[in-house]
Structure formats: C-alpha cells, structure tokens
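S.K.: Pasted the sequence and its predicted model underneath.
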Amino acid sequence: MNREDYIAKAPTFTIYDGFCKTKSVLENHSRIIVSVSGGSDSDDMVDIAEHLKPDDGCELIYVWFDTGIEMAATKRHLKYLQERYGIEIHTESGHKKVAAAVRSDGYPFMNKVVSEYIDRLQTHDFQWEDKPFDVLCQEYPNCKAALRWWCNNWKSEPHKPLQTEIASRGRLKEFMILNPPTFRISKQCCDLAKKSAGDLARAKFGVGIQFIGVRKAEGGPRSTVYKSCMADGKHGLQHFPLFWWSNDDKRAFERTYDIRHSDAYTAYGCSRTGCAGCPFGSRFESELEMLNTFEPSLGMAVSRIFSPSYEYTRAFRDFKKEATRWNL
C-alpha cells in the first residue's frame, strides 16, 4: 500500500491528522530513531513509520531497549515485526540493567514521585520524624523540597500539584514513621536502564530525533508531562505519532490496518508490557501471577530482584487495610 492510499484509509480524523503531522516529520529529517517496545502502541507506530516514510531521503533506525527483565513474548514479537516489515530492530542497553541498578541505586516503590522524595530524604539520613516543617528544615537544611512533601507543605506553592504531598498517598506517612524503610528507595532504575538507553542510542547512531509511542489517553506520567505530539528537552527532539489518539481511535486503526499484538496481550492477558513485575505498577501482584503461569523463570527472577520493594508495599497495603478496618 503506498503512502497516499494508506493515509486515505485513515478511519478517523484524529488518525488522519496524526498521519499528516508524522509524514511532515519524516520528510524533514534524514535519520530517525524509532523506539520499539513490543507494546501495542509501539506496534501501531511501527506500522505508521513504515508506511509513511519517503521512498528516499529518510533512514529509520529501529531500536529496542533491553532492561534485562523483558518477557520472552516481547522478544518473539520483535522477531515477528522484523519479518512482517522487513526491518532490523537493534538491541540497545542503558548504563545499567535493572537488576544492577536497583542493587546500586535503590528500589522503585509506589511511583516515581514518591520514590524521588524518599530518595532525597534518605540521602540526608532522615529519621522519619513527625515534626513541623520549620523544625525539620533546621535539622535538614538542604532537603527543603522533600521535607515539603513529607510535611504536606506545598500549599504555600500553588503551582505544585497535590500529589506532591505525602497525604495524597493515604496513610503512607504514618506507616513510614512506624516502619522506616531498611533499604534504599529510588526511581533511578528507570533512568539508568531505559532513559539512558535512548540517550546512548541517539549518540551512537548520530540521530537528533526519536519516535516514541506515547498516547495522552493512556494516562500515566508520560502522558501528562508532554503537552503536544512534539517535545524538545533534555532527551532531545521527540515526536509522538499517536499522541492525540483516543482508545477508540486506536481500536479503529488496528482493525483497519490489521495490526497483530504480542502474546503478552493475546495469550497472557497483559494490559501493558515493559519491565516485567515493575513495583511502580499498582497491579504487580496479578502481573507476578501471570509471569509465574506463562514465564516462570522470569517470574522467579523479578521476585528476587524487587523483593524488598514488594514486601514493603505489601506491608503498607496491610497497614492501610487494618487502619481502615478499625477506622483509625
């Protein structure tokens, strides 16, 4: 199918509009990195990039970032994509794989915001004290932002969203006072294993722009950080071909262009792919069950890798449940 026929077949205006924007980006750059994750949005993006690329003048470099805890289903799907589109998908890695990153830099817990502030407090040897903000500032003078989070003190800074206060995490402060973490907590594993991989790949291939399968409708931090289908920041110039698609747009696209997804979705029942068993996922327990059923070796591996974070999260959930039961 040629480019014109492909665009004309777009099932919704949002998809058609996205095609036009992506076609323009492809025509104005000579080399582009396309980040392939093996996830469903990534599948759609690969189909778009391959059908909309110019006949000459634009080289697409497909890359997959191996974090060390990716599903075999994802790896099988990458082979399928290479065969279907006649492309090569390069395997690249970041500064560290996830297992090494959590050992050296800390374990993910709850979400990136929470992990970042806990990391800052731990760096200053915080003692998990329930004292007023002004008092704690005197004890820990170089940790003001994290102390604002701990003391629910962002109200004086209205530009800060409420989720940057620990109160938004429901009883987490009470839990941590009674159960201080005995292991290092950090969001660095994501930065070291995934974000740095993109930076290294752009430098390796000499590419200034990267395609990423981000959709605003998918939710999560990435969908709120970016405001449009183009971004230019510390990780370079990025384009998101699917950015404005709704879930209905996505389903319509996949029906129209006969997109096939990985076994992780169709056989395992996953709602997402990526780092298997990531503790940032609120449903990691069900994901572990899935892994133990379909990929038991990987299930055992991530259970070992993330063990401190899993146990701490389970203890916090039990604490909340018990507090709710007694109406505390």
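M.R.: Okay, I see it.
S.K.: What segments of this structure are strands?
M.R.: For the chain, applying DSSP state E gives strands covering 31-35, 59-65, 89-92, 209-211, 230-233, 236-239.
S.K.: buried set for stretch 245-263?
M.R.: Buried residues in stretch 245-263, counting neighbours by 16 or more other C-beta atoms under 10 Å, are found at 245, 249, 250, 252, 253, 254, 257, 261, 262, 263. The way it works is simple: take the backbone N, C-alpha and C, and place the C-beta from them, glycine included.
S.K.: Kindly check the end-to-end length of that stretch for me.
M.R.: From its first residue to its last, stretch 245-263 covers 23 Å (C-alpha to C-alpha, to the nearest Å).
S.K.: Then stretch 215-229?
M.R.: Between the opening and closing residues of stretch 215-229 lies a distance of 9 Å (C-alpha to C-alpha).
S.K.: swap in stretch 213-228?
M.R.: For stretch 213-228, the first-to-last residue distance is 13 Å (C-alpha to C-alpha).
S.K.: likewise stretch 236-246?
M.R.: Here the two ends of stretch 236-246 are set 26 Å apart, with distance taken as C-alpha to C-alpha.
S.K.: residue contacts, residue 93?
M.R.: For residue 93, the contacting residues are 65, 66, 67, 193, 197, 200, taking C-beta atoms under 8 Å, 6 or more residues apart in numbering as the criterion.
S.K.: how distant is stretch 116-129 from the center of its chain?
M.R.: The chain centroid and the centroid of stretch 116-129 are separated by 24 Å, computed with C-alpha atoms, centre = their mean, to the nearest Å.
S.K.: my bad, should have said stretch 271-286
M.R.: Taking the mean C-alpha point of stretch 271-286 and that of its whole chain, the gap between them comes to 10 Å (C-alpha atoms, centre = their mean).
S.K.: So for that stretch, what gets flagged as buried?
M.R.: The neighbour-count check on stretch 271-286 (16+ other C-beta under 10 Å) flags 272, 273, 274, 275, 276, 277, 278, 279, 280, 281, 284 as buried.
S.K.: Model confidence for the closest residue to residue 41 other than its chain neighbours, exactly?
M.R.: Setting aside the residues directly before and after it, residue 41 is nearest to residue 213 in space (C-beta to C-beta, 6 or more residues apart in numbering), at 3.7 Å. Each residue has a pLDDT score; the one for residue 213 is 91.
S.K.: what about residue 310, how many neighbours?
M.R.: A count of nearby residues for residue 310, using other C-beta atoms under 10 Å, gives 19.
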